[in-house]
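J.: sequence unavailable; structure follows:
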């Protein structure tokens, strides 16, 4: 039998978090951190609500996962995030030594790939999982925001 | 009369924070954020105590200053930090649109200058203020740590 806890399953959980951000008027980015097929952190962007640029989904997920694990390193963990991490989040992931980063939509302008943010040598990164869904949610957010102003 | 609230004055406050980190067994980095000659955030590295790689002095300072100001942008603010910011912190400072970053000691390996972390076009950055003091504190920390192990 196929393992139901596959990357698509976890990215859908991250997308559900992004939708929760959307409902709060936040740029819709969601994240989960997984170890041994278990979700140990689920978070979404809260920069507007908290008035804090550091409150990206990934940053909160790192803090929450570390708290759960009782240690600051995220060895053996996988981060699923709906949008390519920015420099800040990739920089935090560098320090965390996380094993794997899987993101959805790319962010050509502010993402860590084109900006060449250094990841830990132990970290693998891969993009494009459910990218269309993540991207569609972002587009809908910005269209609605524009129409409200 | 010379203004007593000059960059050296504020960097000494950041160094006092770094010393507070040292006393707690944390890598001794301290930061203050200043607006109109007033300190609105004083913080030091707490990554060990909090088990959280995101708890760098600068990250906490950004959060604290935003909380004080009631807004997420740090326009017109200056960050004084005893060590050159890393990619994560420089990435957070990018989002904050802070006016000025003044750091003490350089960090050739993990600092934002050599790693080319992108700062906001509005942000000026300058290093070397009380660099020897900041550097001496770091060296003392790592020597003591080595001797304890």
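T.: Received, thanks. Owing to the predicted nature of the structure, the values given are computational and were not obtained by experimental measurement.

J.: where does chain A have low pLDDT?
T.: Residue ranges of chain A with pLDDT under 70: A:1, A:149.

J.: got the residues of it near chain B?
T.: By CB under 8 Å from any CB of the partner chain, the part of chain A that sits against chain B consists of A:47-48, A:51-54, A:59, A:62-63, A:66-67, A:70-73, A:86-92, A:94-96, A:115-118. To be clear about C-beta, it is placed using only N, CA and C from the backbone, and glycine gets the same treatment.

J.: one more pass at 7 Å, please.
T.: A:47, A:51-54, A:59, A:62-63, A:66-67, A:70-72, A:86-88, A:91-92, A:94-96, A:115-118 (CB under 7 Å from any CB of the partner chain).

J.: buried subset of those as a PyMOL selection?
T.: A single PyMOL command selects the buried members of those (16 or more other CB atoms under 10 Å in any protein chain shown):
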select buried, chain A and resi 47+51+52+53+54+59+62+63+66+72+86+87+88+91+92+94+95+96+115+117+118
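
J.: what comes into contact with stretch A:18-36?
T.: A:10, A:13-17, A:39-49, A:56-58, A:61, A:65, A:74, A:76-83, A:134, A:137-138, A:141 (CB atoms under 7 Å, 6 or more residues apart in numbering or on different chains).

J.: show me what contacts the most centrally placed residue in chain A?
T.: Nearest residue to the geometric centre of chain A (CA atoms, centre = their mean): residue A:81, 2.6 Å. For residue A:81, the contact set (CB under 7 Å, 6+ apart) comprises A:14, A:29, A:31, A:57-58, A:103.

J.: hang on, the earlier thing: PyMOL command to pick out the buried ones of the contacts of stretch A:18-36?
T.: Remark: buried members of those, expressed as a PyMOL selection using 16+ other CB under 10 Å:
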select buried, chain A and resi 10+14+15+17+39+40+41+42+43+44+45+46+47+56+57+58+61+65+74+77+78+79+80+81+82+83+134+137+138+141
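
J.: okay, and which of the contacts of stretch A:18-36 map to strands?
T.: Among the contacts of stretch A:18-36, DSSP state E puts A:39-44, A:78-83 in strands.

J.: now for the closest residue to residue A:5 other than its chain neighbours, how many residues are close by?
T.: Leaving aside its chain neighbours, residue A:5 sits nearest to residue A:37 (4.1 Å; criterion: CB to CB, 6 or more residues apart in numbering or on different chains). Using other CB atoms under 10 Å in any protein chain shown, residue A:37 has 12 other residues around it.

J.: residue A:148 too?
T.: Counted with other CB under 10 Å, residues neighbouring residue A:148 total 7.

J.: which ones are touching the nearest residue to residue A:110 once chain neighbours are set aside?
T.: The spatial neighbour of residue A:110 that comes closest, neighbours along the chain excluded (CB to CB, 6+ apart), is residue A:86 at 5.2 Å. Applying CB under 7 Å, 6+ apart, we find residue A:86 in contact with A:56, A:110-112, B:91.

J.: helices of chain A, start to end?
T.: For chain A, applying DSSP state H gives helices covering A:7-23, A:47-50, A:57-69, A:87-96, A:131-148.
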